[in-house]
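Novice: I would like the atomic coordinates for the input below:
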Amino acid sequence: MSTDLAGLIDAVELIDHHCHGVVHENPPRAVFEDLMTESPWPAPPGTSGWDSQVGMAIRRRCAPVLDLSPDRGPEDYLARRAELGAAEVNRRLLGNAGLHTLLLDTGYRGDDILDVPAM
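Specialist: Sure, this is the predicted structure:
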């Protein structure tokens, strides 16, 4: 890739066109796994949200931002979130996402996530 194209790509401001707010406290594992999906159905027997592509992405992309290696399991990831506290986790993850603008869907789990002004 030419350096001109790489520079152009790096300069593009990213917009998340459909996202939800972040949690305002550290949820227990079952709630966290439920937040991984909007599906009304539970994960298939013998699996969890951590076995999905979202679960793998959380370990690969989010764990290092929280000073964990990507091979750490859900218990370690959630323990680290609890250790840092929700405000610090949110600051780190949102700060490292590289997003310029968030278009928030406020109609999903409004009691569990931060509202627009808090975001």
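Novice: Tell me how many other residues surround Leu104.
Specialist: 16 (other Cβ atoms under 10 Å). Just so you know, the C-beta spots here come from the backbone N, C-alpha and C atoms, and that holds for glycine as well.
Novice: dump the residue contacts of it.
Specialist: By Cβ atoms under 8 Å, 6 or more residues apart in numbering, Leu104 lies in contact with Cys19, His20, Gly21, Val116, Met119.
Novice: What about these, which are in strands?
Specialist: Cys19 (DSSP state E).
Novice: want to throw the contacts of Leu104 into CSV with pLDDT, neighbour count and distance to Asp71?
Specialist: Below are these laid out as CSV (pLDDT from 0 to 100; neighbours: other Cβ atoms under 10 Å; distance: Cβ to Cβ, whole Å):
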residue, pLDDT, neighbour count, distance to Asp71
Cys19, 83, 15, 27
His20, 82, 20, 27
Gly21, 83, 20, 29
Val116, 82, 9, 36
Met119, 78, 15, 31
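Novice: Quick check, pLDDT for the closest residue to Gly73 other than its chain neighbours.
Specialist: Leaving aside its sequence neighbours, Gly73 sits nearest to Trp50 (Cβ to Cβ, 6 or more residues apart in numbering; 7.7 Å). In this model, Trp50 is scored at 95, pLDDT.
Novice: try Ala43
Specialist: The score at Ala43 is 89. That number is its pLDDT.
Novice: do Ser2 as well
Specialist: The model's pLDDT for Ser2 equals 68.
Novice: does Leu102 really touch Leu14, like I thought?
Specialist: No: assessed by Cβ atoms under 8 Å, Leu102 is found out of contact with Leu14, at 9.8 Å.
Novice: more crowded one of these two?
Specialist: The neighbour comparison of Leu102 against Leu14 (other Cβ under 10 Å) goes to Leu102, with 19 against 11.
Novice: just checking, that one is part of a strand?
Specialist: Yes: according to DSSP: H, G, I helix; E, B strand; the rest coil, the state of Leu102 is that of a strand.
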